[in-house]
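Colleague: here is the input, now give the coordinates:
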Amino acid sequence: MRVLFVCLGNICRSAMAEGVFARIVSQRGLGAQVQIDSAGTGDWHVGEPPDRRAREMLARHGIDISNLRARQVNGADFDAFDLLLAMDRDNLATLKRTAPDGTSHRVRLFLDFAPDLAGTEVPDPYFGGPDGFEQVFELVEAGANGLADHIAGNSS
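Modeller: Just a heads-up that it's a prediction; the model follows:
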């Protein structure tokens, strides 16, 4: 299973989702079955590390994402990944609009994998304070656990 997490700039939400999900699949022994990456629909931060506040938030939870670098979604991603998971409806719409023919079924809203949060968006914490990053962590953790449950259920 190849999973791409997608937000706007790939320095907050999708990078956090990549780090959290990597830890969860490792803890559950699914690491060999799952390839994980993240990207943004925009190109403003390409090549930059994740936002300092995102790195600090995850570090408090024992997750290091300092090695990640932002990149932009490209056409090849729609064939390379089984799931392209958008953090919000705007990025979901962008992905669906740019998806090559026959690939839009791979594009989903990330929190649809968290049964209690289906249809919910992961808000962009970029212009807010530290509480926004904590909220994003909690939502991403719920979505990542639900996604891991989905993958484990499909592989058995």
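
Colleague: what are the buried residues along stretch 26-44?
Modeller: Leu30, Val34, Ile36, Asp37, Ser38, Ala39, Gly40, Thr41, Gly42 (16 or more other Cβ atoms under 10 Å). To be clear about C-beta, it is placed using only N, CA and C from the backbone, and glycine gets the same treatment.

Colleague: which of those sits closest to Leu139?
Modeller: Set against Leu139, the nearest of the buried residues of stretch 26-44 by Cβ to Cβ is Ser38 (15.2 Å).

Colleague: run through who's touching the helix or strand encompassing the closest one.
Modeller: Taking DSSP states H and E as the criterion, Ser38 maps to strand 35-40. Here strand 35-40 makes contact (Cβ atoms under 8 Å, 6 or more residues apart in numbering) with 1-11, 14-15, 17-18, 21-22, 25, 46, 68, 70-74, 77, 81.

Colleague: picking that back up, show me which pair in the buried residues of stretch 26-44 is furthest apart.
Modeller: Counting by Cβ to Cβ, the most remote pair of these is Leu30 and Gly42, 30.2 Å apart.

Colleague: what does stretch 147-156 rub up against?
Modeller: Met1, Val3, Phe21, Ile24, Val25, Arg28, Leu30, Gln33, Val34, Leu85, Phe110, Phe113.

Colleague: in helices only, show me the residues you listed.
Modeller: Phe21, Ile24, Val25 (DSSP state H).

Colleague: isn't the first one up against Ser14?
Modeller: No. Here Phe21 does not reach Ser14: they are 10.3 Å apart, not a contact under Cβ atoms under 8 Å.

Colleague: so the two - more neighbours on which side?
Modeller: Counting neighbours by other Cβ atoms under 10 Å for Phe21 and for Ser14 shows that Ser14 has the greater number, 33 against 26.

Colleague: pLDDT value on that one, please?
Modeller: With respect to pLDDT, Ser14 has a value of 98.

Colleague: please renumber so the chain begins at 46
Modeller: Yep, numbering from 46; the last one is Ser59 now.

Colleague: how about it, phi and psi?
Modeller: phi -70, psi -30 (degrees, to the nearest 10).

Colleague: how near is it to Ala197?
Modeller: According to Cβ to Cβ, to the nearest Å, Ser59 stands 22 Å off from Ala197.

Colleague: what's the spacing between the lengthiest helix in the chain and its chain's center?
Modeller: Ranked by residue count under DSSP H, the longest helix found in the chain is helix 175-200. Averaging C-alpha positions (Cα atoms, centre = their mean, to the nearest Å) puts helix 175-200 9 Å from its chain's average.
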